[in-house]
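Structure for this input, please:
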Amino acid sequence: MSYKQFIYCWQKSLPLILIRIAVRVVVIICLTIGVLGILGSTAFMSNAQLVSTTKGIQDKQTPLKSTALNATVYHSPDCNCCGGWIDHLKAQGFQITDFSTRDIETVKQKYNVPDNLSSCHTAIVNGYVIEGHVPADDIKRLLQEKPNVVGLSVPQMPVGTPGMEMGNRKDPFSVLSFDRKDSVAVFNQYPSS
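Next up, the predicted model:
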């Protein structure tokens with residue numbers, strides 16, 4: 001192989017190498033966020049107000065009167081837990097439009113998701129932003145009550161949330177609401193099992 005052929009082959013394979021590196025970085029970030037969620041870093045919520053507490057995420061189905069349950073979900077093609085959350089929503093009556101994107105951060109910026117509330121996927125449901133593994137019942141409650149918020153978030157990736165099941169283990173987690181003024185409040189809270 002001549003030097004020119006070597007350079008030509010290198011130039012052709014460089015974009016593929018960069019894509020592979022980028023994919024690995026995204027996977028490492030997702031795993032790191034998951035580990036942080038498992039460790040339960042919820043200290044930033046200490047001053048938030050508790051709105052309500054509910055047991056059981058998937059056992060009950062909240063009825064919703066005359067509101068279409070359509071969700072547009074944006075997620076990285078390399079994240080496996082997003083599919084589990086989508087399946088959870090489908091089982092609860094949501095119609096899903098699924099968009100796989102390698103530029104999920106741009107989606108989060110477009111919909112004003114605060115960095116400290118970020119997770120692995122972002123959904124839009126009737127104009128509300130749903131960030132991360134928010135249980136379907138909380139989304140239905142949001143649609144019924146129609147509070148003046150941007151949306152709901154389950155930051156990071158806590159074990160036991162829809163799509164993050166690990167046997168019978170369920171870490172405590174909070175569903176947070178957030179508004180355009182960066183105010184955050186507890187919308188719902190789930191204890192560990």
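
The lowest-mean-pLDDT helix or strand in the chain: what's the following helix or strand?
The helix or strand of the chain with the lowest confidence, counting by mean pLDDT, DSSP states H and E, is helix 3-39 at a mean of 55. Using DSSP states H and E, the helix or strand that directly follows helix 3-39 along the chain is strand 70-75.

Now do the following helix or strand past that next one, average pLDDT.
Using DSSP H and E, the helix or strand that follows strand 70-75 in sequence is helix 81-91. Average pLDDT, helix 81-91: 91.

and what of stretch 95-104?
For stretch 95-104, the mean per-residue pLDDT is 92.

which residues sit against it?
Outside stretch 95-104, the residues that touch it by C-beta atoms under 8 Å, 6 or more residues apart in numbering are 22, 26, 68-77, 86, 89-90, 107, 120-122. Just so you know, the C-beta spots here come from the backbone N, C-alpha and C atoms, and that holds for glycine as well.

can you do 7 Å?
Stretch 95-104 has contacts (C-beta atoms under 7 Å, 6 or more residues apart in numbering) with 69-77, 86, 89-90, 107, 122.

which among these end up buried?
Listed as buried from those are 69, 71, 73, 74, 75, 76, 86, 89, 107, 122; burial here means 16 or more other C-beta atoms under 10 Å.

Let me know how buried the nearest residue to the first one once chain neighbours are set aside is, in neighbour terms.
Taking C-beta to C-beta, 6 or more residues apart in numbering as the measure, residue 69 lies nearest to residue 94, with 4.4 Å between them; neighbours along the chain are not counted. Applying other C-beta atoms under 10 Å, we find 19 other residues in the vicinity of residue 94.

cool, and residue 96?
Neighbour count of residue 96, defined by other C-beta under 10 Å: 15.

same question, residue 165
Neighbours of residue 165 under the rule other C-beta under 10 Å: 17.

Over to the one 3 residues further on?
Counted by other C-beta under 10 Å, the residues lying close to residue 168 total 7.

With residue 124 instead?
Using other C-beta under 10 Å, residue 124 has 18 other residues around it.

just the one 3 residues further on next, same as before
Using other C-beta under 10 Å, residue 127 is surrounded by 9 other residues.

With residue 146 instead?
Residue 146 has 11 neighbours, counted by other C-beta under 10 Å.

Per-residue pLDDT of it, please?
pLDDT at residue 146 comes out at 95.

Residue 51 now?
pLDDT, residue 51: 34.

Same question for whichever strand or helix holds residue 106: list its buried residues.
Per DSSP H and E, residue 106 falls inside helix 104-110. Buried positions in helix 104-110, judged by neighbour count with 16+ other C-beta under 10 Å: 104, 105, 107, 108.

what's in contact with the next helix or strand after it?
Using DSSP H and E, the helix or strand that follows helix 104-110 in sequence is strand 121-125. Residues outside strand 121-125 that contact it (C-beta under 7 Å, 6+ apart): 70-75, 79, 82, 85, 104, 107-108, 111, 113, 129-132, 139.
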